[in-house]
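S.K.: no sequence on hand, only this structure:
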Ligand SMILES: [Zn+2]
């Protein structure tokens, strides 16, 4: 039997290469090569010619779309900064004219969400920069200016009958901006696997952070120790993510795919492989097929190993979205030789963490 493939929309434009935080900070890791190397691998693998991928152009998000998520005062401060240049926070340079790319990035996420909710594609991947998940209602931080995934979600909620949304965030860093936007919203499930915040930016995302008021239990933080790899991430999918999403029954699944969990990433200490990122996407698609007709919109967050990890991880994610085999996606041998030591067996520690996470949310939600 020939396995049915699902075509994937990649939202991309060279406009994303114009964002240049390195103008103010020459060694800044959020660089255009992140997307150049991914587009190169898409071309090398002939994903477009093989009918696996369509590249769809983004548009700019407009002010109304931004203000569904961010305070007007904050957005005005970004517009002021755009004219003169400066810093949003010490990690987040804002060179003059930066806002255009930030708005195209949010607009790319919007296009991804729209294509999926309208049924034009079941799967879409916004291959965008700058990233968004550290941007909160009234602040930018951690290379992020506006929160792309939240802007996407609020856009589709405003136009279509989408109420309950589940966000899975596997970026190595806790998405504190997304958490803060949705901390009191019981209709948005936010599940984040990230490097233990006592060892990583932004220093938040501990197990006890479960949301506020009537939303308690719908925010799930799963901090993992340095070196944690594919096996432990799959344990988390089996024991936490899958049962919670089945309980929650979302209308739509949105993914903050940050490939800085890859073992070669220069600014983090996790141990996930490219294929591991693909496996997380494969599992997310499987869950989506059971709960929301397979509809998944993916937004790129971090990932700074521009040619050793990120393009391979993105390739695995795209193939998994298309429901194609990912077993052949491997990083070059030299990547393992150089960085393989970062991977550890943390299964005992992660079992304990899973137990604590379940205890923390068990008063609020029912896990089968
Ligand atoms: Zn990150």
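M.R.: Received, thanks. These numbers come from a predicted model, not from an experiment.
S.K.: tell me the secondary structure at the residue of the stretch 151-300 of the chain found nearest the ion.
M.R.: Proximity of the stretch 151-300 of the chain to the ion (CB to the ion) peaks at residue 173, 3.7 Å away. Using the backbone N, CA and C atoms, a C-beta is placed for each residue, glycine as well. Of the three states, residue 173 takes coil according to DSSP: H, G, I helix; E, B strand; the rest coil.
S.K.: what about the nearest residue to residue 54 once chain neighbours are set aside, which helix or strand?
M.R.: With CB to CB, 6 or more residues apart in numbering as the criterion, residue 54 has its nearest non-adjacent residue at 5.4 Å, and that residue is residue 9. Using DSSP states H and E, residue 9 sits within strand 8-11.
S.K.: quick one: average pLDDT of that strand?
M.R.: Per-region confidence: strand 8-11 scores 98 on mean pLDDT.
S.K.: also stretch 54-66?
M.R.: Stretch 54-66 comes out at a mean pLDDT of 98.
S.K.: mind listing what's buried in that stretch?
M.R.: Under the neighbour-count criterion of 16 or more other CB atoms under 10 Å, stretch 54-66 has 54, 56, 58, 60-61, 65-66 buried.
S.K.: now do it: everything it contacts.
M.R.: 7-13, 15, 48, 75, 100, 103-108, 110-111, 115, 121, 124, 126, 128, 146, 151, 154-155 (CB atoms under 8 Å, 6 or more residues apart in numbering).
S.K.: returning to that earlier point: redo the buried residues of stretch 54-66 as TSV? Include secondary structure and distance to residue 286.
M.R.: Output for the buried residues of stretch 54-66, formatted as TSV (DSSP: H, G, I helix; E, B strand; the rest coil; distance: CB to CB, whole Å):
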residue	secondary structure	distance to residue 286
54	strand	23
56	strand	24
58	coil	28
60	coil	34
61	coil	31
65	helix	31
66	helix	33
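S.K.: can you put the residues you listed in CSV and add distance to residue 226?
M.R.: Output for those, formatted as CSV (distance: CB to CB, whole Å):
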residue, distance to residue 226
54, 38
56, 37
58, 35
60, 38
61, 35
65, 37
66, 35
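S.K.: so what's residue 365 up against?
M.R.: 217-218, 244, 247-248.
S.K.: gap between it and residue 246?
M.R.: Going from residue 365 to residue 246 by CB to CB, to the nearest Å gives 11 Å.
S.K.: and residue 352, backbone torsions?
M.R.: phi -60, psi -40 (degrees, to the nearest 10).
S.K.: same deal with residue 255?
M.R.: phi -120, psi 130.
S.K.: where does the stretch 101-250 of the chain come near the ion, residue by residue?
M.R.: Contact residues (CB under 5 Å from the ion) of the stretch 101-250 of the chain with the ion: 171-173.
S.K.: picking that back up, which of the contacts of residue 365 are buried?
M.R.: Using 16+ other CB under 10 Å as the burial test, those include 217-218, 244, 248 as buried.
S.K.: so which of the residues you listed comes closest to residue 195?
M.R.: The closest of the buried ones among the contacts of residue 365 to residue 195 turns out to be residue 244 (CB to CB; 20.6 Å).
S.K.: that closest one should be in a helix, yeah?
M.R.: Yes: with three-state DSSP as the criterion, residue 244 is part of a helix.
S.K.: returning to that earlier point: closest to residue 317 among the residues of the stretch 101-250 of the chain next to the ion?
M.R.: residue 171 (12.6 Å).
S.K.: noted, bye for now.
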